[in-house]
Structure formats: structure tokens, C-alpha cells
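Enquirer: Need a 3D model of the sequence below.
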Amino acid sequence: MKLATYKDGSRDGQLVVVSRDLSMACYATGIANRMQQVLDDWSYMAPQLQDLSHELNHGKARHAFPFDPQRCMAPLPRAYQWADGSAYINHVELVRKARNAEVPANFYTDPLMYQGGSDDFTGPCDDVIVPSAAMGIDFEAEIAVVTGDVPMGTDAQQALDGIRLVMLVNDVSLRNLIPGELSKGFGFFQSKPATAFSPVAVTLDELGDAWKGGRLNLTLQSTWNGRKVGMCDAGEEMTFHFGQLIAHIAKTRNVRAGSIVGSGTVSNKGVETGKGKEKRMEWPKGYSCIAEKRCIETIQDGAPKTEYMQFGDTIRIEMKGKDGQSIFGAIDQNIAPPGGNDSDSEDQAPVMDTAQD
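Expert: Numbers count the residues shown, from 1 in each chain. From the prediction side, this is the model:
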């Protein structure tokens, strides 16, 4: 089934069930009003929602209406936990190579992860609000899962059983704030503003054989200012699958229902082209964040040239199934200052090279 949360003026919105083709929806009234209710009592409520989904997909649901992504909040508008990993080691390798640094050996055996703010998520079509374009605005196209309860000490394989829903992510980063924060030795904070999620979250059965071994084997598309910049394979090169990421959190604590776990930037390896002096690395599948593009440029040409996002820019993140149909709907956002005013010339500061892991 596919679930979404409609805006209704409250903090947690109204739970709706969405048809498989994303054309129709109906309120889950009588079963649950909010997404967290379902996650807290999954074994009882999920089968009822599944029945409603079946009726909706067969044109039999009462009071069905056309689905409108513009009315969506994040599927889980606020969460008990938002933990984002860096599951694609190629992303780390690119960042390190661009600054002539080695990747520590334990990065290949122990996931990188940070804990982000979970009290204020952004809807899929809401503006990305940033105080200043000089902060180095970047999108990050990712995948995330929402968990049920996972006990402390659960291993990676068992942790897969705790996954309830899957969705897409735009984990916005303010690159020019990151170096100062990391230099303090305590990690990201102000450099990670509100995260956005896809219009719908889906159960694993909606993914069919594309979901295998805790990985989603489909292409994640990123379109910046109307230009497709990323067609990245989300499955094959995912170093740590979602079970491993969840188990990493659960090593020393319980993971409670309503926790969101992100994959980190989806990233694919480059390929070598040409011969002799013409030999060169290329990345034909593109990129899922601008920082990675800047690392690629540094590796290829010695310096980055692509600037970060400016006010008025747009970013669209989407994933389609093997039938060509959108699975989660699209994250489709504009970059805007507080109040939605036009960008101020004072905000157009020089772009700094601030790539990080």
C-alpha cells in the first residue's frame, strides 16, 4: 500500500491511502488519523489499511478523490528519530580523492551516520527555505526507510524485518557551514536544515523484486533547474544495506517505531574512458548532490566549477518502477529565502570548496 499525509492545519496532518498509480486517494478515517498511530500499532492497523488500499485500487473505495502531491506534508511529518547514513562508499571515496586523502579502513566495515533534526520536516512540494544563498545550498537525493520497534542488539538480517515503509529524501545541506561545524568535532547541526520527503511512503510489497537484500534496485533521478543531472543506480553500489544501517543504530539502544533511517547520497562509480594521454574518468550516471559533482570536477580538471544552488533554483527527485510509473511521487521544490522574496545581491557570495564525507 501507499500512504501519505495531507495538510489540515495541524502538526501531524491527516493520513490518506493513495492508489498504486498515484491518481486517487481516500482518508483513512475510522482506522487511523495519523501516520504515527499506524506505526505504533502496525500489526492491527496495517491490515485494515491494506483492505482500504485494495478497495481504492479497484475503484470501490467510498469518498475517493484525486490525489494532489501539493497538499502533502512529509509522510511522517515529525519523527522520534531521523538518522542518516552514508551507505554509498563511492561518495566518500570521491570526496576523499578530491582532497588527496585516504579513506580510513573502518569506513568499509562500519557505517558513517549522523542524527538530524526530526521535529520539522518539509513537504515534497514545499519551498526549501534558507537564510542566505551564501551558505552553499545543496540537494542530496537519497532513500529512507521508516521502522517499527527494533530491539537493542538486533543483527543486520533481523533488522530488515523492522522496516515498515520506504520513501525518497532530499537531505538539504548547507555546504559552506559544514567545515566550521566539523572542525568542532561534534558533527552536523546548523548545516542540515529541514529535510524533505516524497509525497508517499510505500510498503515493501509495492516494490516487488526491486527490493532485495535491504536494497532498492532502481534508478534515482535528480533534475536540477529542469536538467536531469542524476540517473543513479540505488541498489548495486549500496555498500551498507538498510538492515546494516538499522543494526548500527541498535547496537547500543532500542530503535522505536517511527524512526527514519536514510541511505545518504546515492552514488555510483566512474568509468575509465580513452587511452594513453586521453585516458579520463567519467561518471555517466551523473550525481545526486552538487558537492559530488564538484569533487568529480576536481578529480578531472583540478578544480570545481559548478556552483551551489541559488534562490529561484528548482530540484526534482523521483524514482520510477520498471513499468515507467512514479513509485513515490516526486519531491519537487523551489529554493527560497525566508518570506519568499527575491534573492538579495548580498547573498551571492563566492562559492567555497567545502566537500565533506
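Enquirer: Identify the residues contacting residue 81.
Expert: 115, 118, 249, 255-256, 258-260 (CB atoms under 8 Å, 6 or more residues apart in numbering). Backbone N, C-alpha and C define where each C-beta goes, glycine included.
Enquirer: what are the bridge partners for it, then?
Expert: Beta-bridge pairing for residue 81 (DSSP bridges): residue 259.
Enquirer: measure it to residue 162 for me?
Expert: 13 Å (CB to CB, to the nearest Å).
Enquirer: which secondary structure element contains the most centrally placed residue in the chain?
Expert: In the chain, the C-alpha nearest the mean C-alpha coordinate belongs to residue 169, at 2.0 Å (CA atoms, centre = their mean). In this assignment (DSSP states H and E), residue 169 forms part of strand 163-170.
Enquirer: And for residue 295?
Expert: Per DSSP H and E, residue 295 falls inside helix 290-301.
Enquirer: What strands line up against the following helix or strand past that helix, and which way round?
Expert: Scanning forward in sequence from helix 290-301 by DSSP H and E, the next helix or strand is strand 314-319. Sheet partners assigned to strand 314-319 using DSSP bridges are listed as strand 219-224 (antiparallel), strand 331-336 (antiparallel).
Enquirer: Show the pLDDT at the nearest residue to residue 66 once chain neighbours are set aside.
Expert: Once flanking residues are discounted, residue 66 sits nearest to residue 24: 6.3 Å by CB to CB, 6 or more residues apart in numbering. What the model reports as pLDDT for residue 24 is 98.
Enquirer: separation between residue 24 and residue 77?
Expert: 22 Å.
Enquirer: Also residue 254?
Expert: The spacing between residue 254 and residue 77, counted by CB to CB, is 23 Å.
Enquirer: Look at these two and report which has more neighbours.
Expert: Comparing residue 254 with residue 77 by neighbour count (other CB atoms under 10 Å), the higher total belongs to residue 77, at 22 against 13.
Enquirer: tell me the SS of the more buried one?
Expert: Three-state assignment for residue 77 (DSSP: H, G, I helix; E, B strand; the rest coil): coil.
Enquirer: ok, now how distant is it from residue 123?
Expert: Residue 77 sits 8 Å away from residue 123, going by CB to CB.
Enquirer: same deal with residue 188?
Expert: 22 Å.
Enquirer: more crowded one of those two?
Expert: More crowded of residue 188 and residue 123, by other CB under 10 Å: residue 123, with 25 against 18.
Enquirer: ok, and the closest non-adjacent residue to that one?
Expert: Leaving aside its chain neighbours, residue 123 sits nearest to residue 73 (4.8 Å; criterion: CB to CB, 6+ apart).
Enquirer: Neighbours of the one you found, how many?
Expert: Residue 73 is flanked by 25 other residues according to other CB under 10 Å.
Enquirer: what distance separates the start and the end of stretch 22-35?
Expert: 18 Å (CA to CA, to the nearest Å).
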